[in-house]
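Peer 1: Here's a sequence, model it:
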Amino acid sequence: MKRKIGERGFTLVELIVGISIAVFVTGAASMTIITMMRLSPRTNDLAVSLRQVQDAGYWITQDVQMSQGEIIVGDKNPVFLTLNEPQTPTENITVVYQFQPMPDNVQRLIRDNQTLGQQLLVAEYISPATTVASYNSDNSTLIFTITAVSGDMPVNRQYKAAQRIPQ
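Peer 2: Next up, the predicted model:
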């Protein structure tokens, strides 16, 4: 390939500017990738904790609304909550929420339908030390706080559930 008259190639300043732009773009892209890789596990832990708290809140709220009998708040070892739900005029279903151990000082929350002998895993990674409930029999309302910890991301939510047909 022949050079035309007056063509000399790139100057040193043009090369330095081009290399500087390439380094800047590469550095920004690599920092973005590193940040995404660091945040991804924390984001996943947060999503897992939040989902577990929401699942526990949903199930307990549904059972409280269906119950007509006395709601008994347990001592958390292992029973957390006991509810009576009417099935027929002569038969009630007793539902017990209880903890089952898991590694790392967190526990599973199990919904045990004692009348039918069915167990359902409601949530995992629940911290029993900060999961509390209190029942106000005057207005038939249960206020409970559920805490889940996945990785190092704790999430806690407070729920308020009232019986549809008070005792």
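Peer 1: going forward, measure contacts and count neighbours with C-alpha atoms only.
Peer 2: OK.
Peer 1: Can you tell me which helices and strands the helix or strand hosting residue 52 packs against?
Peer 2: Taking DSSP states H and E as the criterion, residue 52 maps to helix 12-66. With contacts taken as 3 or more C-alpha pairs under 8 Å, 6 or more residues apart in numbering; DSSP states H and E, helix 12-66 sits against strand 79-88, strand 118-126, strand 141-150, strand 153-162.
Peer 1: Please work out which of the ones you listed is packed deepest.
Peer 2: Across these, averaging neighbours per residue (mean count of other C-alpha atoms under 10 Å) puts strand 141-150 on top, at a mean of 21.
Peer 1: Which strands and helices lie in contact with the lowest-mean-pLDDT helix or strand in the chain?
Peer 2: Across the helices and strands of the chain, mean confidence by mean pLDDT, DSSP states H and E is lowest for strand 79-88: a mean of 79. Contact partners of strand 79-88 among helices and strands, from 3+ C-alpha pairs under 8 Å, 6+ apart: helix 12-66, strand 72-73, strand 91-101.
Peer 1: Kindly provide the distance from the spatially closest residue to residue 48 that is not a sequence neighbour to residue 128.
Peer 2: Leaving out its chain neighbours, the residue that sits closest to residue 48 by C-alpha to C-alpha, 6 or more residues apart in numbering is residue 150, at 6.5 Å. As judged by C-alpha to C-alpha, to the nearest Å, residue 150 and residue 128 stand 14 Å apart.
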